[in-house]
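Visitor: based on what follows, work out the 3D shape:
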Amino acid sequence: MATQNVLDIKLKKIDKIYKPGNAVSGYVVISTKEDMSHSGVTLSVEGSVQLQLSSKSVGLFEAFYNSLKPITMLHYTFNVAPSGKFTSGVTEIPFEFNLEPLPGQTLYDTYHGVFVNIQYTIKCDMKRGILSKDLQKAVEFVVETQTPTQLLAKETTPVNFLITPDSLSNFKKISKADVPNFRVSGQLKSAICHINDAFQGYLLIESAEAVIRSIELQLVRVETCGCADGFAKELTEIQNIQIGEGDMCRGLKIPIWMVFPRLFTCITTAARTFKIEFEVNLVIMLDDGHLITENFPIKLIRN
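Guide: From the prediction side, this is the model:
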């Protein structure tokens, strides 16, 4: 029966969240049932920004598409164990490095998007003999950066809104005369949101001739990739939550509360070749099939 050898990476911080300048420390863990020879153990740390265009934008920006190379923000490689032998049992090898970018580069928030992906990984490689399989293990850690001080809002201002048939701008194939009469008001706590806090507010259905089926909040990512040839902007949905179901009472305050999902959101970011922004859509679905939608561009910050 073959002996099972296990290579693992354990970080000291359970949440795996670090800020630029922090020391990242942990252990390379080797578990083996019998003595195991090896040709060295190396650790590599990489942080990169991956960019891509949607299929509809490829033809428009072919020159840019051919130059979509990953942006390497940081890259370290160091040996944690020279060639030798690990004895049976569990061996822990400590490691530590400072989270600093390469010269001329900037660290951005960890972010898993559709057309922009920002990721930080630690990868461990153990080289073995010709007749043995090399072992490899990778783990992702999360980087949280701060919004530059000059871009932080000194105070958050509530955003009042009023939605009526006259305020709607996109009717597509229907006319205003076909839209049932309604009046929806409300307030957002702020359009500048701390990413670790919830998106908050309330709405009030003052009147509505049609029966309401549902009220939803849609969080949208706005990703822009570009260069001198032009920019391609793509909007995709991150999450959709229901805050009201059925024909809600008129005159009743309905709370708005939405948590920003970790990894799939980050602070609003603008770099030379990409931007990451966010919007919230308030969608009221009527029983007759009409959709009433109000769009709120928001800015995510962290201080």
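Visitor: hey, let's count contacts and neighbours off CA atoms from now on
Guide: Will do.
Visitor: next SSE downstream of the lowest-mean-pLDDT helix or strand in the chain?
Guide: Within the chain, confidence by mean pLDDT, DSSP states H and E is lowest for helix 62-65 among all helices and strands, at a mean of 55. Helices and strands here follow DSSP states H and E; after helix 62-65, the next one along the chain is strand 71-81.
Visitor: who are the contact partners of residue 259?
Guide: 196, 197, 198, 199 (C-alpha atoms under 8 Å, 6 or more residues apart in numbering).
Visitor: what does the pLDDT read for the closest residue to the second one other than its chain neighbours?
Guide: Using C-alpha to C-alpha, 6 or more residues apart in numbering and skipping the chain neighbours, the partner closest in space to residue 197 is residue 259 (6.9 Å). The predicted local distance difference test score for residue 259 is 96.
Visitor: and if you look at residue 172?
Guide: On the pLDDT scale, residue 172 gets 49.
Visitor: ok, residue 161 touching residue 186?
Guide: Yes. In this structure, residue 161 is within contact of residue 186 by C-alpha atoms under 8 Å, at 5.5 Å.
Visitor: among those two, which residue is more densely surrounded?
Guide: Taking other C-alpha atoms under 10 Å, residue 161 and residue 186 do not tie; residue 186 has more neighbours (19 against 13).
Visitor: pLDDT weak spots in the stretch 1-150 of the chain?
Guide: 1-3, 54-67, 150 (pLDDT under 70).
Visitor: hmm, 50 instead?
Guide: For the stretch 1-150 of the chain, applying pLDDT under 50 flags the ranges 1-2.
Visitor: quick one, strands of it?
Guide: Using DSSP state E, counting those that start in this stretch, the strands of the stretch 1-150 of the chain run over residues 6-11, 17-18, 23-32, 36-38, 41-51, 71-81, 84-86, 89-98, 111-112, 116-126, 135-143.
Visitor: can you get me a residue count around residue 122?
Guide: 19.
Visitor: surely it touches residue 136?
Guide: No. Counting by C-alpha under 8 Å, residue 122 stays clear of residue 136, with 10.8 Å between them.
Visitor: which residue ranges make up each domain of the chain?
Guide: 6-145, 150-301 (automatic domain parsing).
Visitor: out of the strands of the stretch 1-150 of the chain, which comes closest to residue 240?
Guide: Nearest of the strands of the stretch 1-150 of the chain to residue 240, taken as C-alpha to C-alpha: strand 111-112 at 17.1 Å.
Visitor: which one is residue 296 nearest to, not counting chain neighbours?
Guide: residue 280 (5.1 Å).
Visitor: got the contact list for that neighbour?
Guide: Counting by C-alpha under 8 Å, 6+ apart, residue 280 has contacts 217, 218, 219, 220, 295, 296, 297, 298.
Visitor: and the gap between the spatially closest residue to residue 246 that is not a sequence neighbour and residue 234?
Guide: Excluding the flanking residues, the one nearest residue 246 by C-alpha to C-alpha, 6+ apart is residue 213, at 4.6 Å. From residue 213 across to residue 234, the span is 29 Å (C-alpha to C-alpha, to the nearest Å).
Visitor: cool, thanks, signing off.
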